[in-house]
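> Could you look at this predicted model? Sequence included:
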Amino acid sequence: MIDFEWLLFLAQLPATPSSLRVNVWRKLREAGSTSLQNGVWVLPQNPENALFLERLLATIKASGAGGQIFVVQGFDQSIHEDILARFKADREQEYGEFLEQCDAFIDEIEKETHLQKFTFAELEENEQNLTRLRKWIAKIQKRDFFSTEKSQEAVAAFQGCLQGLQNYTRQVYAQEGIESLPDVDRLSEDAGPEDRENQDD
C-alpha cells in the first residue's frame, strides 16, 4: 500500500435531465478532479477537497440522485503513479492552452506597436485580456496539486505578458502627453505560485 490517501467520489446520476450530470461534471473539473472511469472521480485527500465533495454530494442528493465518498489508497506504486499521471496530464494540457494564449497576447501587443496603434481603446482591451489571463492561471494553479513541469513556464509567460503591457502603456501615455503611469502591476497581484483564487473563466 502507498502511504498517500485519495478521495474517491462515485456518482449515480440519471441520464435525463442532462443538466445535473453536466453541472456535476463542471464542478468536479473546476475543482481539479480527474476521472478514473465513467462516474468515478478522484481528488487528493485534504480538508478543502473533502468539504467540496461533501457539499457536492449534498447537492446531488437534494436533486434526487445519489453518490458515495471514500478515502482510499492505491494498492501498489503503479496505481498511485497512474493516478498522479492523470492529474499531471490534465494540468499540462491546461497550461499548454494558457501558454498559447500568452503567445497570442504578446503577438497582439507587438502588432499594435508595429502599427503604432497607441490608443486608450486598445490599451483598455489589452488590460482586459491580461486580467482574463491572470484569472485563468490562478484557477489552474489552484487545481495543480502536484506542481506540474509547465507551472513555472506559465508564470514566466504571464510575467512576460505583464511586461509587454507595461511597455505598451508607457507608449500610449507618451503618445497622449501624460507623464504619470497607472499601476499596471495590480493586474498581476494574484498571479503567483501560491495563488488560490477561485473564479469562473
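Yep, that arrived.
> Low-confidence ranges, the chain, go.
Counting by pLDDT under 70, the chain contains low-confidence ranges at 1-2, 180-201.
> 50 - rerun?
Scanning the chain for pLDDT under 50 picks out 190-201.
> how does it divide into domains?
What automatic domain parsing lists as the domains of the chain is 5-75, 89-188.
> Now tabulate those in CSV and tack on distance to E81 and mean neighbour count.
To be clear about C-beta, it is placed using only N, CA and C from the backbone, and glycine gets the same treatment. Formatted as CSV, these follow (distance: least, C-beta to C-beta, whole Å; neighbours: other C-beta atoms under 10 Å):
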stretch, distance to E81, mean neighbour count
domain 5-75, 8, 15
domain 89-188, 11, 16
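> Let's have those domains in CSV, adding distance to D82.
Converted to CSV, these look like this (distance: least, C-beta to C-beta, whole Å):
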stretch, distance to D82
domain 5-75, 8
domain 89-188, 11
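> Nearest to I83, out of these?
When these are ranked by proximity to I83, the top entry is domain 5-75, at 6.1 Å, counting by C-beta to C-beta.
> Endpoint to endpoint, the closest one covers what distance?
11 Å (C-alpha to C-alpha, to the nearest Å).
> what's the spacing between it and its chain's center?
Taking C-alpha atoms, centre = their mean, to the nearest Å, the mean C-alpha location of domain 5-75 is offset from the chain mean by 19 Å.
> cool, stretch 139-154 as well?
Distance, centroid of stretch 139-154 to centroid of chain: 8 Å (C-alpha atoms, centre = their mean).
> Now do that stretch: distance from first to last residue.
So stretch 139-154: terminal residues 12 Å apart, C-alpha to C-alpha.
> quick one: the helices in this protein?
18-30, 47-62, 77-114, 120-142, 150-175 (DSSP state H).
> And for the most centrally placed residue in the chain, nearest residue in space, chain neighbours not counted?
When the chain is reduced to its mean C-alpha position, the nearest residue by C-alpha atoms, centre = their mean turns out to be I140, at 2.2 Å. Nearest residue to I140, sequence neighbours excluded (C-beta to C-beta, 6 or more residues apart in numbering): E94, at 4.9 Å.
> separation between the spatially closest residue to E179 that is not a sequence neighbour and F120?
Leaving aside its sequence neighbours, E179 sits nearest to Y173 (C-beta to C-beta, 6+ apart; 7.4 Å). Look at Y173 and F120: by C-beta to C-beta, to the nearest Å, they are 9 Å apart.
> Just confirm L20 contacts P14, I think it does.
Yes - with contact defined as C-beta atoms under 8 Å, L20 counts as touching P14 (7.0 Å).
> shared neighbours, the two?
Common contact partners of L20 and P14 (C-beta atoms under 8 Å, 6 or more residues apart in numbering): A65.
> The residue nearest to I140 and T59, how far apart?
25 Å.
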